[in-house]
Structure formats: structure tokens, C-alpha cells
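Novice: Below is the structure, and that's it, no one-letter string:
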Ligand code: TGC
Ligand code: FAD
């Protein structure tokens, strides 16, 4: 009997163009050669050589790759998704570096910035010469960013920002922070060079998840900015939420990349490991686990590609992004946890990727909208009733 490709049971590859596959293969090779050999060490140390990686990723065209102009690669959305899939098959922290740079910080400037702001920041960010972060969440306002306390007040022609942002990816290594703050005209975005007086970033330590990623608190104490630091086209909460749509899209593809890596590890391990005198893979219970994992992976990939095609057609709606983020992160986490059981005690070590992925996916389940938030977004789309508050 012909064996199906276990990591692509549904032949999702056949839905991709040659160019999309070529981009996917380039990113996979970069991860194999440059990232995977170091992941256990980075995760254990709780750090990532983000500056070096950003430059290398910039050379490969991965930063803001689906944006157009300013030196960006200008790929389609599916190609961007496939890059996220490969990066997160390595580690969610590595994909986060790229998501925050391209889909949050760069996208905010790209979508809501002035031509001067775009020309100043985007070419450097494309190359990885400047790193960006995106400060929306506060300690007391995560799922409900509309309650934020960070404020920006006019003083003559200047803006003065005060407040504290929490859980900000890339915060301590960023050259530029896109900070969302309350003004007299509602929530607006600001471009804050991180060397501005009054701006400090404190790294969050002791994380058990996303360890190969820098997470920080941003403190803004009377940060004085020129009048043109405001993102002129930003208007209310819908502007940062517009950026989140972009990053959430990448996670739809990315999360099941982590799932794929776990399934691959579990199949290999089950084939090698002998228990009660025969391979673990020969037991029905193991096969049931592997089959469930492969089915979920295949469904997740089909969903990702379908949503990617909608995005490329310009018709993708935020509620559909919620469907994808909710389903694929949950599926990936389930796959990672099941894979962990197959690896027994070995599964809890950094010698294998599964516990690292499982721990990372706990953050992915929470950031970019928790699963509960996405359920409520879908619930609102189904009923017309907002049940957030
Ligand atoms: P609500 O009244 O529903 O909406 C306010 C305004 O925003 C519009 N809107 C959207 N616009 C664009 N895209 C979306 N997805 C949108 N959702 C809503 C809405 O139409 C309205 O516009 P207007 O013109 O009428 O003012 O807002 P709400 O306060 O009730 O909140 C809704 C809710 C809960 C869905 C939203 O606040 C939410 O999504 N919360 C989750 C917050 C979140 O995801 N934070 C992520 C922070 S960044 C991050 O985690 C980075 S992790 C690192 C990595 O990505 O790797
Ligand atoms: P809360 O909002 O306090 O939620 C706690 C629980 O309550 C959750 O289960 C939630 O689903 C539930 N809940 C909330 N509202 C409701 C409701 N209406 N009904 C029912 N249940 C509800 N933010 C940024 O701005 N930029 C970043 O770069 C960034 N990077 C991050 C990196 C990491 C590693 C992590 C962990 C987080 C990051 N975040 C970032 C923050 C992230 O977006 C928030 O953690 C997330 O939005 C959830 O907010 P919270 O942690 O305050 O949880």
C-alpha cells in the first residue's frame, strides 16, 4: 500500500504555486541551517540573538515581506503565511520576532504613518537594521485594550506620553516602539524612538514559555515627542486592531507549523522506541494519537490556505481571522501535548522539540487575542450581539 505523506495527508501542497513552495523551502532551509541547531540553548538561556537574526532575516526578505515598497519583498499573503509556518516549526519565539517586526510595528507605520515616517523607518526595518516593537497591552488591560491608561497630551506643538505597557515582544531590543495612547481625540498611535528621554524598557524574566523571545515592560515617563510623531491616519481602537488582524493571520499558519514539528518528532520517536518488545508505533493507541494529530494538522493547513487566498483576494474579514487563530492554535497545542505523551520522559527534555513547542503555544493561545476573545468575536458575528462586557 502506498503510504501517504504523514505531514501532509490532504496534499495541501498541491494548492500552492511553485513560487510559494520555493519561498517556503528557502525559509525551511534557513531554519534548518541557522536556527534549529541553537534553539535548545536559546530556550534554556531565555534569550534570542534577535539583532543578528533580524539582519539575516532582512537579507532573506522576511521582514514585512507582504508589504509593498520601501524595500519590502511584496509577496502574497500565502507566502508570508508559509514563512511563518516554517519559522514557528522551529520556534514560536522566532516567528514572533518576525510577526512583531513586520505585521505589527512595520504595518502600523505602513498603514497609518506619514510618508516621512515610512521613509524614515520602513527601509531600515525591512533590512533588520532597526527593530520595532508594538505597545498596546497594559498590565490591567490585555483583552480590553480600549481601557488603556497610557496617555498623550499636547504641550505646544509637542506630545508628552505617560504610561506603562506590559508584555511587549522585542521591547528591550527595539530601536522604535509603536505606542498606542489615549488622547483628547481617542486612541492614537505614536512612533517613539527608544532612545527618547523618559523611555525605558525592562525585560521580563522567569518565563516558562516563549523563552527564545524578548518580552518587556515599556515605561514612558514624560516622553516628549515632536508633533509629527503621531501616526496621522490612526483613528481609535480600530487602528491597533487592524494591525492585530495582520499578525493573527501569520499565527494561523505559524501555530500549525509548531504542530507539524511535534507530529514529525512523535512519528520518528514512535518508530524507534520499543516497548513491550515491539515499536511504539505498532500499537493501536499510538496510531490513534498520531492519526488524530495528522488529521488536525491537515485541516489546519487547509483552513490556513483558504484564509490566505481570501486575504490575497482582499476579502478576508477579522471574524474569519478569529476562526483561523482560534482553531489552529488550539489544534497545535493539542498536537503538542499528545506528542509529548508519546515521547514519555524524553518528551519533557529540550533534546526533543515537543515540550518547548507545547510551552510556547500556551503564550500563542493567550497573545493576539485569547481563545475566549476569539470565541466572543465569532459569537458576535453569529448573533449580532457583543458579549465582551
Ligand atoms: P469594539 O467596540 O468591538 O471595536 C472598537 C473599534 O474597532 C473596530 N474593530 C476592528 N477593526 C479592525 N480589526 C478588528 N479585528 C476589529 N475589531 C473591532 C470596531 O469596528 C470599532 O470601530 P469603530 O470605528 O466603531 O470605533 O472594541 P471592544 O473594546 O469591545 O474590544 C473588542 C475586542 C475584545 C475584540 C478587542 O479589544 C480585542 O481584540 N482584544 C484582544 C486584544 C489583543 O489581541 N491584544 C494583542 C496585543 S499584541 C500581541 O499580543 C502581540 S504578541 C506577539 C506576536 O504577535 O508574536
Ligand atoms: P486578561 O485579558 O486578563 O485575560 C485573563 C483571562 O480572562 C483569559 O482567559 C481571557 O480570555 C479571559 N477574559 C478576558 N476577557 C473576557 C471576557 N470578556 N469574557 C470571558 N473571558 C474573558 N501585547 C502587546 O501589546 N504587544 C506585544 O508585543 C505582546 N507580546 C506578548 C508576548 C507574550 C509572550 C505574551 C504572553 C503576551 C504578549 N502581549 C503583547 C500581551 C497579550 O496580547 C495579552 O497577554 C493578551 O491580550 C491577554 O491579556 P491579559 O494577559 O491581560 O489577560
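Specialist: Ah, there it is. If you're wondering where the values come from, they're calculated on a predicted model, not measured in any experiment. Numbers count the residues shown, from 1 in each chain. Ligands and ions are numbered 1, 2, ... in the order given.
Novice: For this structure, what lies in contact range of ligand 1?
Specialist: When proximity is defined as Cβ under 6 Å from any ligand atom, the chain approaches ligand 1 at 96, 99-100, 134, 136-137, 143-146, 169, 236-238, 241-242, 244-245, 247, 318, 367-369, 373, 377, 388. In this view, the C-beta of every residue, glycine as well, is placed from N, C-alpha and C.
Novice: ok, residues contacting stretch 327-347?
Specialist: With contact meaning Cβ atoms under 8 Å, 6 or more residues apart in numbering, stretch 327-347 is reached by 251-253, 255-256, 258-259, 262-263, 265-266, 269-270, 273, 280, 286, 289-290, 292-293, 296-297, 299-300, 303-304, 348, 352, 354-355, 357-358, 361-362, 364-365, 371.
Novice: Write the ChimeraX selection for whichever of the residues of the chain next to ligand 1 are buried.
Specialist: Applying 16 or more other Cβ atoms under 10 Å to the residues of the chain next to ligand 1, the buried members can be selected in ChimeraX as follows:
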select :96,99,100,134,136,137,145,169,237,241,242,244,245,247,318,367,368,369,373,377
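Novice: Just the ones of the residues of the chain next to ligand 1 in strands?
Specialist: 134, 169 (DSSP state E).
Novice: Pretty sure residue 219 sits against residue 201.
Specialist: Yes. Using Cβ atoms under 8 Å, residue 219 makes contact with residue 201 at a distance of 7.5 Å.
Novice: Of those two, which one has the most company?
Specialist: Neighbours per residue, other Cβ atoms under 10 Å: of residue 219 and residue 201, the larger number sits with residue 201, 20 against 17.
Novice: Can you pull the phi and psi angles for that one?
Specialist: The phi/psi pair for residue 201 (degrees, to the nearest 10) reads phi -130, psi 130.
Novice: residues touching it, list them.
Specialist: Here residue 201 is in contact with 168, 171, 172, 174, 194, 216, 217, 218, 219 (criterion: Cβ under 8 Å, 6+ apart).
Novice: Pipe the residues you listed into a markdown table and attach secondary structure and distance to ligand 2 per row.
Specialist: Formatted as a markdown table, these follow (DSSP: H, G, I helix; E, B strand; the rest coil; distance: Cβ to the nearest ligand atom, whole Å):
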| residue | secondary structure | distance to ligand 2 |
| --- | --- | --- |
| 168 | strand | 5 |
| 171 | helix | 7 |
| 172 | helix | 12 |
| 174 | coil | 10 |
| 194 | coil | 14 |
| 216 | strand | 9 |
| 217 | strand | 11 |
| 218 | strand | 9 |
| 219 | strand | 14 |
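Novice: now the helices for the stretch 151-300 of the chain?
Specialist: 238-272, 284-313 (DSSP state H, counting those that start in this stretch).
Novice: Might you report the residue contacts of the closest residue in space to residue 128 that isn't next to it in sequence?
Specialist: Once flanking residues are discounted, residue 128 sits nearest to residue 58: 3.0 Å by Cβ to Cβ, 6 or more residues apart in numbering. Taking Cβ under 8 Å, 6+ apart as the criterion, residue 58 is in contact with 126, 127, 128, 129.
Novice: Please produce JSON lines containing those residues, extended by pLDDT, distance to ligand 2 and neighbour count.
Specialist: Shown next, in JSON lines, are the contacts of residue 58 (pLDDT from 0 to 100; distance: Cβ to the nearest ligand atom, whole Å; neighbours: other Cβ atoms under 10 Å):
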{"residue": "126", "pLDDT": "98", "distance to ligand 2": "19", "neighbour count": "24"}
{"residue": "127", "pLDDT": "98", "distance to ligand 2": "21", "neighbour count": "16"}
{"residue": "128", "pLDDT": "98", "distance to ligand 2": "17", "neighbour count": "23"}
{"residue": "129", "pLDDT": "98", "distance to ligand 2": "20", "neighbour count": "14"}
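Novice: Tell me the one among the residues you listed nearest to residue 69.
Specialist: residue 126 (9.7 Å; Cβ to Cβ).
Novice: ok so the closest one is a helix residue?
Specialist: Yes. Assessed with DSSP: H, G, I helix; E, B strand; the rest coil, residue 126 lies in a helix.
Novice: how about it, what does it touch?
Specialist: Counting by Cβ under 8 Å, 6+ apart, the residues that residue 126 touches are 58, 63, 64, 70, 71, 72, 106.
Novice: Among these, which ones are in helices?
Specialist: residue 58 (DSSP state H).
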